[in-house]
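Participant: Please find the sequence and the predicted model below.
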Amino acid sequence: MKRLIHNSKLKTRLFLVAVVMFGFGYALVPLYEAFCEFTGINVLALGERDIESSANSRPVNTQVDKTRTITVEFDSNVRGPWYFKPEVSSMQVHPGEMSTVTYRFQNMQDRRISAQAIPSYAPLQAAANFHKLECFCFREYTLDAGESKSWPVVFVVDPKLSADVTTITLSYTFFEVGGKVPAAPVANSDRISGSRAGV
């Protein structure tokens with residue numbers, strides 16, 4: 001009889017041990033994550049979590065000067081029978097802010113051509129503070145008869161730009177490669193003086 005009671009107690013204890021082991025195994029993953037986060041041992045997992053959170057919330061660009069607004073005007077000139085225009089004539093930007101404007105070009109001739117653009121700026125002092133990160137003017141392009149393309153210009157106006165300049169004109173002259181290279185266009189003197197005066 002004592003043996004039966006002893007066996008019954010042993011079965012109960014073994015059953016309780018099995019239940020506790022199952023519960024511990026079930027709770028092991030959240031316990032492990034809490035332990036790793038508390039101690040910092042699992043650095044890789046923490047790094048992945050940091051990457052996910054930074055992807056969801058982009059850091060604020062502290063180099064953007066929100067106190068100033070510059071008007072950037074876009075101008076286009078062509079040397080030949082083709083279409084070349086910006087999608088917008090102007091935009092308002094803050095110094096230090098990355099901005100994009102798109103130019104559209106179409107070869108209106110019945111032959112294939114190679115062409116390239118030359119940029120110019122007004123006022124002249126803006127040239128040193130107008131940084132193009134991506135521009136179609138960096139290379140020449142070949143377009144078939146009737147072919148059209150859209151090209152972006154990604155730029156940043158340097159916060160070091162003189163405070164009296166409130167308007168910058170970016171002008172492009174598009175010309176056929178192999179022909180006579182035109183001189184860079186001279187911006188309208190009224191526009192330059194207006195820019196310097198803060199108009």
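Facilitator: Structure received. Numbers count the residues shown, from 1 in each chain.

Participant: Please enumerate the strands of the chain.
Facilitator: Remark: strands assigned in the chain by DSSP state E are 70-79, 82-86, 90-93, 98-107, 113-122, 130-134, 141-143, 148-157, 167-176.

Participant: helices or strands up against the fifth one?
Facilitator: If contacts are counted by 3 or more C-beta pairs under 8 Å, 6 or more residues apart in numbering; DSSP states H and E, strand 113-122 sits against strand 141-143, strand 167-176, helix 189-197. Glycine gets a C-beta too; all of them are placed from N, C-alpha and C.

Participant: quick one: buried residues of it?
Facilitator: Neighbour-count burial for strand 113-122, counted by 16 or more other C-beta atoms under 10 Å, picks out I113, A115, Q116, A117, I118, P119, S120, Y121, A122.

Participant: what does the first one give?
Facilitator: With burial defined by 16+ other C-beta under 10 Å, the residues of strand 70-79 counted as buried are I70, V72, E73, F74, D75, S76, N77, V78, R79.

Participant: do the same with the second one
Facilitator: The neighbour-count check on strand 82-86 (16+ other C-beta under 10 Å) flags W82, F84, P86 as buried.

Participant: contacting residues around the second one?
Facilitator: So the one you mean is F84. Residues near F84 by C-beta atoms under 8 Å, 6 or more residues apart in numbering: S76, N77, V78, Y103, R104, F105, Q106, Y172, F174.

Participant: Distance-wise, check the fifth one relative to F174.
Facilitator: Between R104 and F174 the distance, using C-beta to C-beta, to the nearest Å, works out to 11 Å.

Participant: more crowded one of the two?
Facilitator: Each of R104 and F174 has its neighbours counted (other C-beta atoms under 10 Å); F174 has more, 22 against 14.

Participant: just checking, that one touches W82?
Facilitator: Yes - here F174 reaches W82: they are 7.2 Å apart, a contact under C-beta atoms under 8 Å.

Participant: tell me the contacts of the closest residue to E87 other than its chain neighbours?
Facilitator: The shortest distance from E87 to any non-neighbouring residue, by C-beta to C-beta, 6 or more residues apart in numbering, is to T102 (4.7 Å). Shown in contact with T102 (C-beta under 8 Å, 6+ apart): P86, E87, S150, W151, P152, V153.

Participant: Would you mind stating the distance between the first one and F15?
Facilitator: When you say that, I think you mean P86. For P86, the distance to F15 equals 80 Å [C-beta to C-beta].

Participant: same deal with the fourth one?
Facilitator: From W151 across to F15, the span is 75 Å (C-beta to C-beta).

Participant: So for the two, which sits in the more crowded spot?
Facilitator: When W151 and F15 are compared for neighbours, W151 comes out ahead with 16 against 10, by other C-beta under 10 Å.

Participant: per-domain residue ranges of this structure.
Facilitator: For the chain, automatic domain parsing gives the domain ranges 2-56, 70-197.

Participant: coming back round to it: now tabulate the strands of the chain in a markdown table and tack on mean pLDDT.
Facilitator: Converted to a markdown table, these look like this (pLDDT from 0 to 100):
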| stretch | mean pLDDT |
| --- | --- |
| strand 70-79 | 89 |
| strand 82-86 | 88 |
| strand 90-93 | 95 |
| strand 98-107 | 92 |
| strand 113-122 | 88 |
| strand 130-134 | 91 |
| strand 141-143 | 86 |
| strand 148-157 | 92 |
| strand 167-176 | 89 |
